[in-house]
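Colleague: Generate a structure from the sequence data that follows.
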Amino acid sequence: MQYSKKHYIIFFIIKVLSYIPFWALYVISDIMYYPLYYIIRYRRKIVRKNLTESFPEKNLHEIISIEKKFYHFFMDMVLESGKLATISPDEIMKRMKFSNIKMTNDLLDHGKSVDYFMGHYCNWEWMTSIGLWIKDDVVCAQVYHKLINPTFDGIIKQMRERMGNICVEMRETARFVANMASQNKPCMVALIADQSPKRRQIKHYVKFLNHTVPVLVGPEKIAKHFGHIPVFVNARRVKRGYYECVFTPLHDNPSSLPDYELSDIYFKHLEDEIRRQPECYLWTHNRFKYAEY
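Modeller: Reported below is the predicted structural model:
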């Protein structure tokens with residue numbers, strides 16, 4: 001792929017910064033938290049609104065406590081994500097662990113393809129290292145939403161694909177999966193499935209964090225149509241710079257489920273996960289803009 005001069009310059013800067021050791025990275029994060037939260041006040045109105053509406057049982061003191069923890073985590077995650085430019089496979093495997101990966105590899109051994117249903121939770125950028133844990137002969141794909149800016153789109157793809165995965169644009173997902181199926185090749189597809197659909201694409205609503213929200217149904221359709229095994233990626237932040245993921249099968253035969261039930265099951269798992277460590281969810285997005293109350 002041919003990259004522009006601007007691409008190389010920006011990526012070079014990111015690579016240089018990514019060599020900063022983790023201990024220094026977190027010192028920078030602690031310093032940057034204060035202007036981000038108190039001066040720039042980055043999307044604080046949206047964050048406060050999302051938290052207050054999602055947790056009506058919590059008082060203002062509890063909401064603000066989660067809010068501050070979130071901004072600390074958010075700053076950590078942004079800086080951690082930059083490390084993808086240079087971090088070694090051995091290092092990221094120590095920091096982002098997938099504890100019961102044998103289940104996935106066993107399914108792949110038996111010719112089954114696996115769809116990982118994830119959310120914007122913990123460090124989802126580091127989850128692109130999943131390819132390091134999967135059998136070498138299996139294609140690992142991560143579905144992503146193409147950025148408008150081609151320079152940053154190219155940089156994000158380059159960083160996400162360093163660990164052996166391939167990036168598949170969201171609108172090309174069905175074509176990619178169909179191609180794998182036509183070759184009888186099992187594959188692993190990672191889907192961040194908690195994004196909001198465009199208004200004209202709304203087909204289904206779920207109860208999620210005290211809201212009734214429209215959801216993308218594409219991930220469910222892929223799993224059901226192609227007979228993939230849907231697996232929820234249950235992530236937790238162990239401590240700064242260390243995460244662990246556990247896989248939970250959502251259903252062993254999704255094609256037998258009524259329409260949209262798989263989506264309901266996924267969002268129930270995601271909500272349970274968020275309630276355990278609410279500061280690790282991405283609260284800066286206006287995720288409930290089309291919610292029905």
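
Colleague: Quick check: buried residues in stretch 96-103?
Modeller: 96-98, 101, 103 (16 or more other C-beta atoms under 10 Å). Yep, even glycine has a C-beta here, placed from its N, CA and C like the rest.

Colleague: Distance to residue 232, pLDDT and secondary structure added to those residues, as CSV?
Modeller: Putting the buried residues of stretch 96-103 into CSV (distance: C-beta to C-beta, whole Å; pLDDT from 0 to 100; DSSP: H, G, I helix; E, B strand; the rest coil) gives the following:
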residue, distance to residue 232, pLDDT, secondary structure
96, 17, 97, strand
97, 17, 96, strand
98, 13, 95, strand
101, 14, 92, helix
103, 12, 90, helix
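
Colleague: From residue 208, how far out is residue 198?
Modeller: 18 Å (C-beta to C-beta, to the nearest Å).

Colleague: Looking at those two now, which is surrounded by more residues?
Modeller: residue 208 (20 against 9; other C-beta atoms under 10 Å).

Colleague: Report the separation between that one and residue 268.
Modeller: 9 Å.

Colleague: likewise residue 214?
Modeller: Computed as C-beta to C-beta, the residue 214 to residue 268 distance reads 16 Å.

Colleague: Residue 30 too?
Modeller: Residue 30 is 35 Å from residue 268, by C-beta to C-beta.

Colleague: more crowded one of these two?
Modeller: Higher neighbour count among residue 30 and residue 268: residue 268, with 15 against 12, using other C-beta under 10 Å.

Colleague: helix or strand for the more buried one, which one?
Modeller: helix 261-276 (DSSP states H and E).

Colleague: Please name the nearest non-neighbouring residue to residue 153.
Modeller: Of all residues not flanking residue 153 in the chain, residue 147 sits nearest, at 3.9 Å (C-beta to C-beta, 6 or more residues apart in numbering).

Colleague: Kindly report the same for residue 206.
Modeller: Distances taken as C-beta to C-beta, 6+ apart place residue 267 nearest to residue 206, at 4.7 Å, with adjacent residues excluded.

Colleague: Tally up the residues packed near residue 29, please.
Modeller: A count of nearby residues for residue 29, using other C-beta under 10 Å, gives 20.

Colleague: in what helix or strand does it lie?
Modeller: In this assignment (DSSP H and E), residue 29 forms part of helix 22-34.

Colleague: what's that helix packed up against?
Modeller: For helix 22-34, the contact count by 3 or more C-beta pairs under 8 Å, 6 or more residues apart in numbering; DSSP states H and E identifies helix 60-82 as packing neighbours.

Colleague: Any idea how far the helix it packs on is from the middle of the chain?
Modeller: 16 Å (C-alpha atoms, centre = their mean, to the nearest Å).
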